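Trainee: Below are the sequence and a predicted model for it; my questions follow.
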Amino acid sequence: MTIATSFPPHGRLMSKLTAIGPYLREKKSQPQRFFFDCLASCVNAEKDPELREFWGWWLVMTTTETGYEYEYDFGRFNAAGEWANGKLPAKHRDAVLKTLVDFYPKLTPFIVDECELTLVPAATLTQTPLAELLAK
């Protein structure tokens, strides 16, 4: 006999995930898919604020039978407000990685310990799993 996994209500999840930091994008999230991102390093601070672009990361967490799986990537957040995959320039890499490495340990205790759900890399993840990235 299989025991069904119990997920917290969507509203509670949204509140808790928002409280973790400025990473959750509510408008890009849905009941079984949560979108996080971070604009970590400005490409050109000389431009007007609405025209600035940033290097950063985004992470998508989707529901599985036992909890959540995640995928993330790095790239450039353009002036149109869209992410484009891209290799991080060396001078921005440390700043971007620091924000991702700081975020994951905030997310994990909530999902794993408080909600008692799993949080695992998706089979389609092309980047280093976050637990391994933290260990480096």
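Mentor: Nice, I can see it.
Trainee: Buried residues, stretch 62-77. List them.
Mentor: 63, 67-72, 74-77 (16 or more other CB atoms under 10 Å). (Glycine included, C-beta is placed from N, CA and C.)
Trainee: likewise stretch 7-21?
Mentor: Neighbour count says stretch 7-21 has 8, 13-14, 16-17 buried, by 16+ other CB under 10 Å.
Trainee: which residues are contacting that stretch?
Mentor: 24, 26, 29, 31, 34, 36, 63, 103, 106-107, 110, 114-115, 117 (CB atoms under 8 Å, 6 or more residues apart in numbering).
Trainee: so the residue nearest the centre of the chain is in which element?
Mentor: Taking CA atoms, centre = their mean, the centroid of the chain lies closest to residue 59, which sits 3.0 Å from it. Assigned by DSSP states H and E, residue 59 belongs to strand 54-63.
Trainee: Would you list the strands that that strand pairs with, along with their directions?
Mentor: If you go by DSSP bridges, strand 54-63 pairs up with strand 33-42 (antiparallel), strand 67-77 (antiparallel).
Trainee: how about those strands in JSON lines, adding mean pLDDT and distance to residue 85?
Mentor: As requested, the strands paired with strand 54-63 are exported to JSON lines (pLDDT from 0 to 100; distance: least, CB to CB, whole Å):
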{"stretch": "strand 33-42", "mean pLDDT": "96", "distance to residue 85": "13"}
{"stretch": "strand 67-77", "mean pLDDT": "97", "distance to residue 85": "5"}
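Trainee: can those go into TSV with extra columns for distance to residue 136?
Mentor: Converted to TSV, the strands paired with strand 54-63 look like this (distance: least, CB to CB, whole Å):
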stretch	distance to residue 136
strand 33-42	18
strand 67-77	15
